[in-house]
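# predicted model, plus sequence, below.
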Amino acid sequence: MTDLDPVIHAAARLRITATLASLEPGDRITFPRLQELLDMTAGNLSTHLRKLEEAEYVAVEKSHQGRTPVTFVTLTRRGRRAFEDYTDALRAVLGGEE
């Protein structure tokens, strides 16, 4: 049996990763926009992003636009590969392909 990546497998992190994977490679999204899309609290989203960041699946970049702080989130190459591997493993578990 194929193991599912426990970092991605948690429902909230799977939603985050799937959303980021829908962007073109290298594209990024602001934290508030991601929060809005996923309908998550800032604290909950931050906690799950930290776990994904520790695994090097996402990169979180904090900067400023003028005087306003802004946080961008992007899926790393490693994260994209992990998501692809996860979806392949899930298909295998469901009997779709190996």
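Great, that's in hand. Numbers count the residues shown, from 1 in each chain.

# every contact and neighbour count from this point should use C-alpha atoms.
Will do.

# quick one: the strands in the protein, in order.
Secondary structure of the chain by DSSP state E: the strands cover 29-30, 58-65, 68-75.

# same list (the ones you listed) but as JSON lines, adding mean neighbour count and distance to His48.
Formatted as JSON lines, the strands of the chain follow (neighbours: other Cα atoms under 10 Å; distance: least, Cα to Cα, whole Å):
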{"stretch": "strand 29-30", "mean neighbour count": "16", "distance to His48": "15"}
{"stretch": "strand 58-65", "mean neighbour count": "14", "distance to His48": "10"}
{"stretch": "strand 68-75", "mean neighbour count": "17", "distance to His48": "12"}
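
# can you list those in JSON lines and add mean pLDDT and distance to Ala92?
JSON lines is the format used below for these (pLDDT from 0 to 100; distance: least, Cα to Cα, whole Å):
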{"stretch": "strand 29-30", "mean pLDDT": "97", "distance to Ala92": "31"}
{"stretch": "strand 58-65", "mean pLDDT": "94", "distance to Ala92": "25"}
{"stretch": "strand 68-75", "mean pLDDT": "96", "distance to Ala92": "24"}
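
# Ala18 is nearest to which of these?
strand 68-75 (9.6 Å; Cα to Cα).

# would you reformat the strands of the chain as TSV and include distance to Leu20?
Formatted as TSV, those follow (distance: least, Cα to Cα, whole Å):
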stretch	distance to Leu20
strand 29-30	8
strand 58-65	9
strand 68-75	6
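
# pick out the residue closest to the middle of this protein.
Thr17 (2.7 Å; Cα atoms, centre = their mean).

# what's stretch 46-65 in contact with?
Outside stretch 46-65, the residues that touch it by Cα atoms under 8 Å, 6 or more residues apart in numbering are 7-8, 12-13, 69-80, 82.

# same thing with stretch 21-30?
By Cα under 8 Å, 6+ apart, stretch 21-30 touches 20, 70-77, 80, 83.

# straight-line length of that stretch, end to end?
15 Å (Cα to Cα, to the nearest Å).
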